[in-house]
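Undergrad: show me how the following folds:
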Amino acid sequence: MSWIKEALSELNNGHEAKIRPHGGSMRGRIESGQLVTLAPASFDKVKTDDIVFIKWKGNYLLHLIKDKNESEILVGNNLGKINGWVAKDSIIGKVVNVEE
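TA: This is a model prediction of the structure:
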């Protein structure tokens, strides 16, 4: 996941980041290698069904928000797997565009 360091740097400086993530967990929404644009995001700016870039158990994920309460989001992939609840300060960015 070589794109993570670059994305973290751009997002933490308030800029959008363009990445090409690889993997199959978001198949149907993001295909492996597609160009994805991330924008900085905060808890109050995301909603259910958004794809977010989050810190998860020492790693980073690009996953869907399945549910949201007053202080956490429930994340999972696009294939039906639920990862679990994540604190609101784990949100780093949000997908704003996926190109073919």
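Undergrad: can you give me the pLDDT of the closest residue to residue 88 other than its chain neighbours?
TA: Here the nearest residue to residue 88 in space, its sequence neighbours aside, is residue 43; by Cβ to Cβ, 6 or more residues apart in numbering that works out to 3.7 Å. In this view, the C-beta of every residue, glycine as well, is placed from N, C-alpha and C. At residue 43, the pLDDT value in this model is 96.
Undergrad: got a list of what residue 43 touches?
TA: Residue 43 makes contact with 73, 88-89, 91, according to Cβ atoms under 8 Å, 6 or more residues apart in numbering.
Undergrad: how close does it get to residue 100?
TA: Look at residue 43 and residue 100: by Cβ to Cβ, to the nearest Å, they are 30 Å apart.
Undergrad: now residue 64
TA: According to Cβ to Cβ, residue 64 stands 20 Å off from residue 100.
Undergrad: who's more crowded, those two?
TA: Neighbours were counted for residue 64 and for residue 100 using other Cβ atoms under 10 Å; residue 64 has more, 22 against 5.
Undergrad: how about the contacts made by the more buried one?
TA: Contact analysis of residue 64 by Cβ under 8 Å, 6+ apart lists 26, 29, 49-52, 75-78.
Undergrad: for residue 18, same thing?
TA: Contact partners of residue 18, counting by Cβ under 8 Å, 6+ apart, are 35-38.
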